[in-house]
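>>> Quick one: sequence and predicted model below, then my questions.
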Amino acid sequence: MAVDVLDTRILRLLIEQPRTSVREYARILGVARGTLQARLDRLERDGVITGTGPTLSPAALGHPVLAFVHLEVTQGHLVEVGDALAAVPEIIEAFSTTGGGDLLTRVVARDAGHLEDVIQRLIQLPGVVRTRTDVALRERVAHRVLPLVESVGRAAGDRDRPGPGAGRG
């Protein structure tokens with residue numbers, strides 16, 4: 001789906017001012033409320049906007065330890081292991097990957113001992129051959145999409161502008 005300059009401005013507002021009303025967004029952007037609502041509906045339908053809930057902090061919920069656990073899985077058991085990961089509440093994300101492992105999980109824990117308990121639970125899952133854990137020390141770049149949105153918006157703006165020599169006949 002093509003995201004244009006107005007879509008980019010809408011997405012920026014949603015990221016920077018998530019608790020603002022649709023009416024206020026329309027006022028800020030200088031567009032009709034119906035236009036804004038139609039754009040929001042399209043962005044949701046096309047999967048650009050995937051949620052509107054709050055972003056929660058595992059650390060503030062008592063789980064300040066963050067680790068990335070790579071799992072090597074017996075061939076043919078990826079789906080089963082992936083499904084089993086959903087039953088582990090400390091796993092906040094999991095991806096199948098290429099490279100050194102088959103699955104990459106983002107795991108949170110209360111402390112190092114709790115992290116070890118979670119890893120032991122993962123090792124015991126049928127189909128898991130081995131794990132490798134990388135503990136995060138400090139977040140250097142928080143989860144973000146605004147720079148990507150801005151890049152897409154700049155590219156959309158460039159597509160909409162006539163190039164050199166355009167209009168000459």
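On my side now, so go ahead.
>>> avg pLDDT for the helix or strand harbouring residue 104?
Of the helices and strands defined by DSSP states H and E, residue 104 is found in strand 103-109. Taken as a whole, strand 103-109 carries a mean pLDDT of 98.
>>> Tell me the helix or strand right after that strand.
If you walk from strand 103-109 toward the C-terminus, the next helix or strand you reach (DSSP H and E) is helix 112-123.
>>> ok and whichever helix or strand comes after that following helix relative to helix 112-123, angle-wise?
Once the chain leaves helix 112-123, the next helix or strand it forms, by DSSP H and E, is strand 128-135. Angle between the axes of strand 128-135 and helix 112-123 is 150 degrees (criterion: axes from the mean of the first three to the mean of the last three CA atoms, to 10 degrees).
>>> For the most centrally placed residue in the chain, which non-adjacent residue is closest in space?
Closest to where the C-alpha atoms of the chain average out (CA atoms, centre = their mean) is residue 143, at 7.1 Å. Nearest non-adjacent residue to residue 143, counting by CB to CB, 6 or more residues apart in numbering: residue 55, 8.0 Å away. To be clear about C-beta, it is placed using only N, CA and C from the backbone, and glycine gets the same treatment.
>>> do residue 88 as well
Leaving aside its chain neighbours, residue 88 sits nearest to residue 121 (6.3 Å; criterion: CB to CB, 6+ apart).
>>> For that neighbour, give its distance to residue 50.
Distance of residue 121 to residue 50, computed by CB to CB, to the nearest Å: 29 Å.
>>> With neighbour numbers in mind, choose between those two.
A count of neighbours by other CB atoms under 10 Å puts residue 121 above the other of residue 121 and residue 50, at 15 against 7.
>>> Burial check on residue 156, number of neighbours?
For residue 156, the tally of surrounding residues (other CB under 10 Å) stands at 16.
>>> What segments of this protein are strands?
If DSSP state E is used as the criterion, the strands of the chain fall at 65-73, 91-96, 103-109, 128-135.
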